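S.K.: Below are the sequence and a predicted model; questions follow.
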Amino acid sequence: MTSAPRVTVLGAGFAGLSTVRELRRRDPSVEITLVAPRAELHYLPGIIWIPSGLRKREDLVIPLDNFLRRQRVHFVASEVTGLSDDGRVVHTAGGDIVNDALVIATGGRFIKKLPGIEHAITPCEGITAAERIRDRLSEMSGGTLAVGFAGNPKEPTAVRGGPMFEFLFGIDEQLRREGRRERFEIVFFNPSTEPGNRLGPKAVKHLLDEMARRGIRTHLGHKLSRFEANKVVTEGGEFAADLILFMPGMTGNAWFDATTLPRSPGGLLQADAQCRVPGLQRVYVAGDSGSFPGPDWMPKQAHMADLQAAAAAANLLGDLQGRASKETFKVELICIVDALAQGTLIWRTPERNWLFPSTRLLHWAKRGFEWNYLRQYR
């Protein structure tokens, strides 16, 4: 190509922004266009601290103007509506964008088909959801809190359970600090008898032991039937709930339906080990949008999105330069399950699975990681 190649990146979440950084680090000349509704990063791992007041909206919304200027990125504030010409043209609400290579990093969408799901708050939908939890808790004088999650049966990796354990333990700790815990019953529910099994067997035992220690009741191993305004109903019984926090499984974005992109059985974009979308030239996917080969415990988390973004950027530039590039990403789950006062570190790779017991130091490590991670975008 005689002129600088044009790369379009869709999405301003972890995968999209990591792709931008990696592209610019490897190639100062490539033209990068970033498409997202707003030029800001919402740091969703931090929303677990909103109910307690440890974080506010302004702490977690990072304007990207300085970052985009430093990286010399053209930003288009718009919603993606579709693709044509095998990905070479991106359709947005504000017009079409032509590219020489495309990275799709628009995240996932929660499956909201369960009857009565409007009665539940889905925390990871964003900062507004966490603020609703904060406000509801402050209004309540007592009652039953129900916290649970489920998956996508056609896509084992498309589940986000880790944050729900953090909301569970964080709210328990918050109510204790406020001197109100005895007025609340907390129930954790999950269709599996081993919730969190993607974190590993030691983690499942630790999490269930921690629930027992904190007096959190469990309702496990029963498929969900529906929610009502003040009730959770499963095939194995029902229980009252004055506030329901529920994370459903994930699937692909609605705009995927307006394309010919190959889809997995669970609705995500098919990807190979190099983050390429099969059957299309120079179209890549990173983060929650993709269904990647690997173990069924492969996490949908920011760290994994960053690793996939690095591989996608390397292979994209190799393809543009006409050289064989087959970089893959490491499959690695790292998380600190935080409980306001302390945290538990869980680390899993194909070779090992470690759990480091709860300490206050790990809580501060999570806060320190947040500060350091966001510094590159401020």
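M.R.: Perfect, I can see it now.
S.K.: all contacts plus neighbour counts: C-alpha atoms, from now on.
M.R.: Will do.
S.K.: How far off centre is stretch 197-208?
M.R.: For stretch 197-208, the separation from the chain centroid amounts to 20 Å (computed by C-alpha atoms, centre = their mean, to the nearest Å).
S.K.: helix, strand or coil for residue 69?
M.R.: helix (DSSP: H, G, I helix; E, B strand; the rest coil).
S.K.: Can you give me the pLDDT of it?
M.R.: At residue 69, the model reports a pLDDT of 98.
S.K.: State the distance from it to residue 13.
M.R.: 17 Å (C-alpha to C-alpha, to the nearest Å).
S.K.: mind listing what the residue nearest to the spatial centre of the chain touches?
M.R.: Centroid-nearest residue in the chain: residue 301, 4.9 Å away (criterion: C-alpha atoms, centre = their mean). By C-alpha atoms under 8 Å, 6 or more residues apart in numbering, the contact list for residue 301 reads 160, 287, 288.
S.K.: still on that earlier bit, of residue 69 and residue 13, which one has the most company?
M.R.: Counted by other C-alpha atoms under 10 Å, residue 69 and residue 13 do not tie: residue 13 has more neighbours, with 22 against 11.
S.K.: What residues does that one make contact with?
M.R.: Contact partners of residue 13, counting by C-alpha under 8 Å, 6+ apart, are 41, 42, 105, 106, 107.
S.K.: Let me know how buried the fourth one is, in neighbour terms.
M.R.: Looking back up the chat, that one is residue 106. Number of residues near residue 106 (other C-alpha under 10 Å) recorded here: 27.
S.K.: wait, doesn't it sit right on residue 10?
M.R.: Yes - contact between residue 106 and residue 10 holds when scored by C-alpha atoms under 8 Å: they sit 5.8 Å apart.
S.K.: overlap in contacts of the two?
M.R.: Shared contacts of residue 106 and residue 10 (C-alpha under 8 Å, 6+ apart): residue 16.
S.K.: circling back to that earlier point, who wins for neighbours among the contacts of residue 301?
M.R.: residue 288 (31 neighbours).
S.K.: Looks to me like that one is in a strand.
M.R.: No - counting by three-state DSSP, residue 288 is not part of a strand but helix.
S.K.: Distance of it relative to residue 161?
M.R.: The gap separating residue 288 from residue 161 is 14 Å, by C-alpha to C-alpha.
S.K.: Give me the distance between residue 88 and residue 291.
M.R.: 21 Å.
S.K.: of these two, who's got more company?
M.R.: It is residue 291, of residue 88 and residue 291, that has more neighbours when counted by other C-alpha under 10 Å, with 28 against 20.
S.K.: Check what pLDDT the closest residue to that one other than its chain neighbours gets.
M.R.: Excluding the flanking residues, the one nearest residue 291 by C-alpha to C-alpha, 6 or more residues apart in numbering is residue 270, at 5.2 Å. Predicted confidence (pLDDT) for residue 270: 98.
S.K.: And residue 162, by the same measure?
M.R.: 93.
S.K.: just residue 158 next, same as before
M.R.: Residue 158 carries a pLDDT value of 89.
S.K.: Spit out the contact partners of the residue lying closest to it once chain neighbours are set aside.
M.R.: Excluding the flanking residues, the one nearest residue 158 by C-alpha to C-alpha, 6+ apart is residue 250, at 5.1 Å. Contact partners of residue 250, counting by C-alpha under 8 Å, 6+ apart, are 108, 109, 110, 111, 151, 152, 158, 159.
S.K.: Equivalent analysis for residue 225, please.
M.R.: Applying C-alpha under 8 Å, 6+ apart, one finds that residue 225 lies in contact with 114, 115, 233, 234, 235.
S.K.: Among these, which one is most surrounded by other residues?
M.R.: Greatest neighbour count in those, by other C-alpha under 10 Å, goes to residue 234: 20 neighbours.
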